[in-house]
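K.L.:
need coordinates for the following:
(one chain, ligands or ions: 1)
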Amino acid sequence: MPSEKAFVFSVLLITNTKLMNTEALKNSLRDSVVTRWAMLFTVGFVLAANYYFYDALSPLKSTLTRELGFDSTDFGLFVSVYSVPNVFLLMAVFGGVILDKLGIRRTGFMFIAFMALGALLTAYGASDMYRNEGLGYAFMSSFMPGYSPELKMMLLGRFLFGLGAETSIVVISKIIVKWFKGKELALAFGVKLGLARTGSMLALMLSPRLINSEAGWTVATWFAAFFVTTALLVFLIYMMFDLKLDKQVEKSTLESKSDPFKFSDLGKLITNRSFIFVTLLCLTFYSAVFPFFAFSADFFKNKFGLTEIQSGDIAAMMPLGTMLFTPIFGFFVDKYGKAASLMIYGSLILTIVHLTFAFTTVTPYVMMVVLGLAFSLVPAAMWPSVAKMIDEKRIGSAYGFMFSVQNLGLWAFPILAGMILDGTNPVGTESLDYTYTMIMFSGLGIVGFIFALLLKREDKVSGYGLELPSNSK
Ligand SMILES: C[C@H](NC(=O)[C@@H](N)CCCCN)C(=O)O
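P.N.:
Next up is the predicted model:
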């Protein structure tokens with residue numbers, strides 16, 4: 001019968017297409033261990049450049065005061081403006097939507113280009129070229145006289161950098177999924193975070209050394225900007241491989257199909273109690289880490305009377321610790337679970353470290369490694385836990401939403417830290433007293449600890465299985 005034949009023919013056709021797709025997946029570039037790990041290190045370079053630039057000026061707070069007249073509030077403002085596009089324009093959320101629409105190559109290139117432009121503008125704002133009546137100097141001097149033209153140009157640069165940087169992290173997460181799904185995905189995520197932290201560590205160690213260059217202190221800012229620009233070129237290499245992979249394998253077989261983003265999705269996210277607690281933990285925990293980290297080198301310099309190089313080296317102990325611990329805890333969570341408990345321990349350790357910094361003179365070398373332990377426990381447990389709570393189709397929006405909420409803290413707390421410092425230290429004080437600033441960071445740790453407890457309690461009701469190994473849910 002013709003209809004029966006047609007049916008058999010279509011079944012054969014579908015089966016054959018599926019087989020061809022499976023065959024294509026088997027023989028695609030991603031099946032070469034060397035190629036997929038080479039891709040991870042290629043995009044890891046971009047991530048390292050991103051984190052390098054974010055932290056490059058942290059050990060130079062006193063240099064910015066000496067050379068450009070920044071006070072602590074100006075410095076806090078400079079750190080926090082990174083988050084403005086992500087909080088007030090919801091860029092991390094829209095970046096995810098754009099990513100779904102335009103794909104990895106175009107979105108990645110566009111947002112890394114924003115990063116590079118922002119980084120170059122920041123370096124230009126601090127340069128002698130700009131300060132000697134360079135392009136834009138007169139314009140930046142023509143409004144808001146309370147803020148220097150240098151600060152305004154650097155704020156504009158860091159704003160553009162932040163606009164590109166957060167979405168580029170979402171793009172790179174998607175790239176990792178594309179190449180490692182069904183392979184060693186958790187390990188790949190751990191290594192990705194390790195490469196990001198390498199960028200932070202290098203920034204803390206190199207910047208204070210580069211300011212002593214013969215060509216002047218701005219070598220440190222230009223170097224950071226050129227690192228990000230090189231990352232844009234490196235991403236072009238990645239794009240060629242990505243294109244090749246897409247040609248080898250039908251796109252739909254690689255990237256999980258995601259429905260178009262709807263605002264009602266956000267409604268579903270914010271009515272999920274576990275998701276709310278993990279998002280609030282993300283906000284408080286990261287607010288007690290990244291803004292502290294931005295001030296940490298200056299804190300060590302003032303509290304322990306160290307040089308810029310010594311204090312940068314101590315601050316670098318934290319990312320060094322995370323490079324070692326994060327993949328280990330990622331492996332632990334995959335195999336044994338206990339993610340909610342690890343988040344509780346991480347928040348507790350964070351609080352103890354900040355209280356120790358506030359009230360004791362225990363050696364900061366050890367405390368920064370302990371902080372690295374806390375900063376490995378929570379991220380290694382947090383990001384895979386979200387994947388248990390949220391449908392895979394919505395995971396991009398979920399991460400984007402969490403990044404935007406988190407950026408609220410990354411925006412507010414550096415400003416607050418700077419204001420507390422300026423408010424509690426009379427003008428011209430020889431060495432700054434950080435006690436109240438550290439109490440603020442300890443308070444954030446305590447609130448994060450409470451959210452981690454609530455998350456674990458809620459897990460017993462919601463049944464997402466955060467305490468179970470990865471493959472049992
Ligand atoms: C993965 C996570 N990164 C973030 O949460 C970013 N939204 C903030 C990065 C700001 C500093 N570069 C992490 O690094 O653990």
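
K.L.:
what sits closest to G108 if chain neighbours are left out?
P.N.:
Spatial nearest neighbour of G108, excluding adjacent residues (Cβ to Cβ, 6 or more residues apart in numbering): V171 at 4.4 Å. All C-beta spots, glycine's among them, are computed from the backbone N, C-alpha and C.

K.L.:
what about that neighbour, how many residues nearby?
P.N.:
25 (other Cβ atoms under 10 Å).

K.L.:
and the host helix or strand of it, is it in reach of the ligand?
P.N.:
Using DSSP states H and E, V171 maps to helix 149-180. Yes - using Cβ under 6 Å from any ligand atom, helix 149-180 reaches the ligand at E166, I169.

K.L.:
buried sites along that helix?
P.N.:
149-180 (16 or more other Cβ atoms under 10 Å).

K.L.:
cool, stretch 50-66 as well?
P.N.:
50-64.

K.L.:
try stretch 63-83
P.N.:
63-64, 67-68, 70-83.

K.L.:
not counting it itself, show me its contacts.
P.N.:
With contacts defined as Cβ atoms under 8 Å, 6 or more residues apart in numbering, stretch 63-83 is touched by 54, 57-58, 61, 126, 147-148, 150-151, 154-155, 158-159, 161-162, 165, 211, 217, 291, 294-295, 308, 407-408, 410-419, 421-422, 425, 432.

K.L.:
again, 6 Å this time
P.N.:
61, 150-151, 155, 158-159, 162, 211, 217, 294, 407, 410-411, 414-415, 417-419, 421-422 (Cβ atoms under 6 Å, 6 or more residues apart in numbering).

K.L.:
quick check: closest non-adjacent residue to F159.
P.N.:
V81 (5.1 Å).

K.L.:
roughly how far apart are that neighbour and the ligand?
P.N.:
Distance check for V81 against the ligand: by Cβ to the nearest ligand atom, to the nearest Å, it reads 13 Å.

K.L.:
quick one: residues contacting G423.
P.N.:
Contact partners of G423, counting by Cβ under 6 Å, 6+ apart, are absent.

K.L.:
quick one: name the residues of the stretch 351-473 of the chain near the ligand.
P.N.:
Counting by Cβ under 6 Å from any ligand atom, the stretch 351-473 of the chain comes close to the ligand at P379, F403, Q406.

K.L.:
and those, which is closest to A452?
P.N.:
P379 (12.9 Å; Cβ to Cβ).

K.L.:
just want the angle from the helix or strand hosting that closest one to helix 149-180.
P.N.:
Per DSSP H and E: P379 is located in helix 364-389. Interaxial angle of helix 364-389 relative to helix 149-180 (axes from the mean of the first three to the mean of the last three Cα atoms, to 10 degrees): 50 degrees.

K.L.:
report pLDDT for N212.
P.N.:
The per-residue pLDDT reported for N212 equals 90.

K.L.:
so how far is M438 from it?
P.N.:
Applying Cβ to Cβ, to the nearest Å, the value for N212 to M438 is 29 Å.

K.L.:
neighbour count for those two, which is higher?
P.N.:
M438 (23 against 12).

K.L.:
now the stretch 51-200 of the chain against the ligand: closest residue?
P.N.:
Nearest to the ligand, among the residues of the stretch 51-200 of the chain, is Y54, at 4.0 Å (Cβ to the nearest ligand atom).

K.L.:
so which helix or strand takes in that residue?
P.N.:
With DSSP H and E as criterion, Y54 is part of helix 33-55.

K.L.:
same question, G216
P.N.:
Assessed by DSSP H and E, G216 sits outside every helix and strand.

K.L.:
so which elements touch the helix holding V171?
P.N.:
Packing partners of helix 149-180 (3 or more Cβ pairs under 6 Å, 6 or more residues apart in numbering; DSSP states H and E): helix 33-55, helix 84-88, helix 91-102, helix 104-126, helix 137-141, helix 185-210.

K.L.:
that one versus helix 91-102: what angle between them?
P.N.:
Counting by the same axes, to 10 degrees, helix 149-180 lies at 50 degrees to helix 91-102.

K.L.:
check the average confidence over helix 149-180, would you?
P.N.:
Averaged over helix 149-180, pLDDT sits at 93.

K.L.:
burial count for V369?
P.N.:
18.

K.L.:
where's it relative to V289, distance?
P.N.:
Taken as Cβ to Cβ, the span from V369 to V289 is 14 Å.

K.L.:
what do you get for T65?
P.N.:
According to Cβ to Cβ, T65 stands 24 Å off from V289.

K.L.:
repeat that for G321.
P.N.:
G321 is 12 Å from V289, by Cβ to Cβ.

K.L.:
quick check, stretch 319-333 touching the ligand?
P.N.:
No - shown here: stretch 319-333 not in contact with the ligand (Cβ under 6 Å from any ligand atom), separated by at least 8.3 Å.

K.L.:
hmm, back to that, adding pLDDT and neighbour count, write the residues of the stretch 351-473 of the chain next to the ligand out as JSON lines.
P.N.:
Listed next are these as JSON lines, based on pLDDT from 0 to 100; neighbours: other Cβ atoms under 10 Å:
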{"residue": "P379", "pLDDT": "92", "neighbour count": "26"}
{"residue": "F403", "pLDDT": "91", "neighbour count": "26"}
{"residue": "Q406", "pLDDT": "95", "neighbour count": "25"}
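
K.L.:
average pLDDT across stretch 310-330?
P.N.:
Mean predicted confidence for stretch 310-330 is 92.

K.L.:
likewise stretch 443-452?
P.N.:
The model assigns stretch 443-452 a mean pLDDT of 98.

K.L.:
circling back: helix 104-126 and the helix holding Y54, what's the angle between them?
P.N.:
In terms of direction (the same axes, to 10 degrees), helix 33-55 departs from helix 104-126 by 30 degrees.

K.L.:
buried residues in helix 33-55?
P.N.:
Going by neighbour count (16+ other Cβ under 10 Å), the buried part of helix 33-55 is 35-37, 39-40, 42-55.

K.L.:
between it and helix 185-210, how big is the angle?
P.N.:
Using the same axes, to 10 degrees: helix 33-55 against helix 185-210 is 40 degrees.

K.L.:
after helix 33-55, which helix or strand is next?
P.N.:
With DSSP H and E, the next secondary element past helix 33-55 is helix 61-68.

K.L.:
after that following helix, heading C-terminal, what element do we hit next?
P.N.:
helix 72-80.

K.L.:
hey, C-alpha coordinates of that following helix in PDB?
P.N.:
The C-alpha coordinates for helix 72-80 follow below in PDB (Å, rounded to 0.1, in the frame of the first residue of the first chain):
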ATOM      1  CA  SER A  72      38.600  56.300  48.400                       C
ATOM      2  CA  THR A  73      35.100  57.200  47.200                       C
ATOM      3  CA  ASP A  74      36.500  57.900  43.600                       C
ATOM      4  CA  PHE A  75      38.200  54.500  43.700                       C
ATOM      5  CA  GLY A  76      35.000  52.800  44.800                       C
ATOM      6  CA  LEU A  77      33.100  54.500  42.100                       C
ATOM      7  CA  PHE A  78      35.600  53.400  39.500                       C
ATOM      8  CA  VAL A  79      35.400  49.700  40.700                       C
ATOM      9  CA  SER A  80      31.600  49.800  40.800                       C
END
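
K.L.:
cool, thanks, talk later.
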